[in-house]
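Student: Build me a model from this:
(one chain, ligands or ions: 2)
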Amino acid sequence: MEKVKIVVAGPRGRMGKEAVNLVLETENYELVGVLDYKHEGMKLVELEGFTKGDALVYTDIHQCFKEQQPDVLIDLTTPEVGMEHTVTALEYGVRPVVGTTGFSSGDLRKLDALCEQTGRGCIIAPNFAVGAVLMMKFSQMAAKYFNDVEIIELHHDQKLDAPSGTAVKTAEMISTVREAKQQGHKNEKETIPGARGANFDGMHIHSVRLPGLIAHQQVMFGSDGQTLSIRHDSYNRASFMSGVKLAVDTVMENDHFVYGLENIIG
Ligand SMILES: NC(=O)c1ccc[n+]([C@@H]2O[C@H](COP(=O)([O-])OP(=O)(O)OC[C@H]3O[C@@H](n4cnc5c(N)ncnc54)[C@H](O)[C@@H]3O)[C@@H](O)[C@H]2O)c1
Ligand SMILES: O=C(O)C1=N[C@H](C(=O)O)CCC1
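Tutor: Ligands and ions are numbered 1, 2, ... in the order given. Here you go, the predicted structure:
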């Protein structure tokens with residue numbers, strides 16, 4: 001069987017390191033390159049923190065794709081860089097698996113159109129942890145019966161985007177079934193701006209950033225005399241890797257755009 005040729009963007013990052021190790025340790029995967037903004041021409045093994053890997057470091061995505069002709073790009077960078085990488089990958093016929101969060105709805109529409117144009121698959125997954133995907137699905141189920149919901153997402157303090165991609169995706173999924181409602185008292189007034197969090201279709205999202213945290217989310221529903229809380233916790237970044245593998249294997253079979261792992265988990 002031919003190996004899946006993979007490039008990882010952001011290899012020195014917290015998630016990128018895990019993804020590089022996943023690729024190196026998976027028998028039918030081959031790491032053919034990594035994309036960084038520095039260390040051009042070095043081998044992966046020469047970078048701090050790596051003990052193996054002959055793949056070359058590229059700072060130019062065009063050169064990387066021309067020389068290596070990968071099947072899949074795994075992107076774990078920043079929203080601006082990630083969007084540029086994803087567009088370029090599709091233009092080269094490389095299938096993107098994107099964990100990078102912070103894409104706008106306009107970005108997602110553009111990528112959807114580009115997949116249709118190129119006939120290539122692309123998976124954007126705001127959260128690769130299977131438990132987090134279930135937490136989102138269970139929240140969507142609960143929202144049929146509870147209109148009042150607050151989303152509390154908690155992450156490490158090095159995170160760039162707020163609210164998290166997971167919180168936005170959860171709110172979007174809830175919105176498909178929740179009866180539209182502006183929550184809280186109609187005369188509610190914030191005495192300190194931001195006290196009620198971000199407002200998505202009348203429901204509120206609260207972003208907590210603290211050292212010591214990894215990735216956590218609690219979705220709280222309330223109605224007369226009862227509350228329901230659905231919570232997921234990632235305690236390490238290995239928790240995301242089975243989802244990355246599922247996305248890589250699936251994108252190799254796909255010719256369309258997928259936003260959210262819930263669309264490929266049965
Ligand atoms: N989908 C998920 O399950 C999931 C899980 C964790 C994190 N994330 C997301 O993944 C992204 C990365 O998270 P992280 O915690 O690893 O961040 P990080 O800051 O540790 O890593 C980002 C890496 O991107 C690299 N980078 C910046 N510019 C680059 C460029 N031009 N080319 C190549 N690399 C470049 C940086 O050097 C850095 O190593 C974030 O958007 C985060 O929200 C998603
Ligand atoms: O560590 C991060 O950053 C994470 N980001 C994702 C998000 O924005 O939802 C998923 C969990 C970890």
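
Student: Please make it C-alpha for all contacts and neighbour counts, starting now.
Tutor: OK.

Student: Can you show me the strands along the stretch 151-266 of the chain?
Tutor: 198-200, 203-209, 215-223, 226-234, 257-259 (DSSP state E, counting those that start in this stretch).

Student: List the buried residues in the first one.
Tutor: Looking back up the chat, that one is strand 198-200. Using 16 or more other C-alpha atoms under 10 Å as the test for burial, strand 198-200 gives Ala198.

Student: ok, Gln69 - contacts?
Tutor: Lys5, Val94 (C-alpha atoms under 8 Å, 6 or more residues apart in numbering).

Student: you'd agree Asp54 is up against Lys43?
Tutor: Yes. In this structure, Asp54 is within contact of Lys43 by C-alpha atoms under 8 Å, at 5.4 Å.

Student: The closest residue to His39 other than its chain neighbours: what's it in contact with?
Tutor: Excluding the flanking residues, the one nearest His39 by C-alpha to C-alpha, 6 or more residues apart in numbering is Val57, at 6.4 Å. Contacts for Val57 (C-alpha under 8 Å, 6+ apart) come out as Gly33, Val34, Leu35, Asp36, His39, Glu40, Gly41, Met42, Lys43, Leu44.

Student: Sitting in strands, which of these do you find?
Tutor: Gly33, Val34, Leu35 (DSSP state E).

Student: Derive a PyMOL selection command for the buried subset of these.
Tutor: To isolate the buried members of the ones in strands among the contacts of Val57 in PyMOL, using 16+ other C-alpha under 10 Å:
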select buried, resi 33+34+35
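
Student: sorry, back to before: the residue nearest to His39 looks like it's in a strand, true?
Tutor: Yes. Counting by DSSP: H, G, I helix; E, B strand; the rest coil, Val57 is found in a strand.

Student: What separation is there between Val87 and Ala9?
Tutor: Per C-alpha to C-alpha, to the nearest Å, Val87 is found 13 Å from Ala9.

Student: what about the two, which has more around it?
Tutor: For Val87 versus Ala9, neighbours defined as other C-alpha atoms under 10 Å are more numerous around Ala9 (30 against 17).

Student: tell me the contacts of the more buried one?
Tutor: Gly16, Val34, Leu35, Asp36, Leu73, Ile74, Asp75, Leu76, Thr77.
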